[in-house]
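Trainee: here's my sequence, what's the structure:
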Amino acid sequence: MTVEREDCAGTAGRARHGNADWLTGARITAVLGVYYRPEGRAGEPEAVEFVLAEDQSVLLTCASDRTLHVTPGTWPRLPEWCVPASQWQQATPALLPPVPYGGAWTVIGTQELRNADGEVLQAAIRCEEGDFVVVAGDTMTIRFDPRP
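Mentor: Numbering: from 1, shown residues only. Coordinates of the predicted model:
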């Protein structure tokens with residue numbers, strides 16, 4: 001499974017060809033926020049990393065224009081922009097459910113909300129149990145919307 005960086009040649013995760021189903025079939029074993037530690041874990045994460053069963057990950061970050069960028073992750077390492085590394089941590093965001101029985105969420109599809117320029121503002125990673133919704137802004141917002 002490979003995810004191509006939108007702005008560089010490195011790969012990890014699954015190929016992203018511009019359609020919204022770029023992660024379908026992946027098994028997510030963990031969802032981690034990347035937090036700037038001096039602010040404490042009480043704040044919103046600066047990035048969200050989806051750890052996949054294949055020992056790869058997908059990193060969602062927001063740019064200064066409040067758009068969402070999807071790139072290969074670096075799990076278990078912190079992203080290279082976390083400088084100095086001692087001031088950053090990865091942790092499970094508050095209010096997300098525990099990993100389901102079987103050890104992973106299976107992705108059944110994804111949806112992206114885009115602006116008029118085609119840039120991603122929000123991504124929903126749809127799983128059998130519900131949807132992980134990631135929204136870009138000053139920081140990241142992530143929530144889990146369970147299926148009825």
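Trainee: and the helices in the protein?
Mentor: Counting by DSSP state H, the chain has no helices to list.
Trainee: burial count for Gln90?
Mentor: 20 (other C-beta atoms under 10 Å). Every C-beta, even on glycine, is put in place using the N, C-alpha and C of the backbone.
Trainee: quick check: bridge partners of it?
Mentor: On the basis of DSSP bridges, Gln90 is bridged to Val34.
Trainee: tell me the contacts of it?
Mentor: Gln90 makes contact with Leu32, Gly33, Val34, Tyr35, Glu49, Trp75, Pro76, Leu78, according to C-beta atoms under 8 Å, 6 or more residues apart in numbering.
Trainee: out of these, which two sit at the greatest distance?
Mentor: Tyr35 and Pro76 (15.4 Å; C-beta to C-beta).
Trainee: okay, the two: which has more neighbours?
Mentor: Tyr35 (23 against 11).
Trainee: wait, that one touches Val48, no?
Mentor: No. Taking contacts as C-beta atoms under 8 Å, Tyr35 lies outside contact range of Val48: 10.6 Å.
Trainee: let me see the contact set for the nearest residue to Cys62 once chain neighbours are set aside.
Mentor: Nearest non-adjacent residue to Cys62, counting by C-beta to C-beta, 6 or more residues apart in numbering: Ala136, 3.6 Å away. Each residue near Ala136 by C-beta under 8 Å, 6+ apart is listed here: Cys62, Ala63, Arg66, Thr67, Leu68, Val120, Leu121, Gln122.
Trainee: and for Cys127?
Mentor: Shown in contact with Cys127 (C-beta under 8 Å, 6+ apart): Ile28, Trp105, Thr106, Val107, Ile108.
Trainee: may I ask which of the residues you listed has the most neighbours?
Mentor: Trp105 leads those on contacts (other C-beta under 10 Å) with 25 neighbours.
Trainee: can you tell me the closest non-neighbouring residue to that residue?
Mentor: Excluding the flanking residues, the one nearest Trp105 by C-beta to C-beta, 6+ apart is Cys127, at 4.0 Å.
Trainee: distance check, the one you found against Phe50.
Mentor: 10 Å (C-beta to C-beta, to the nearest Å).
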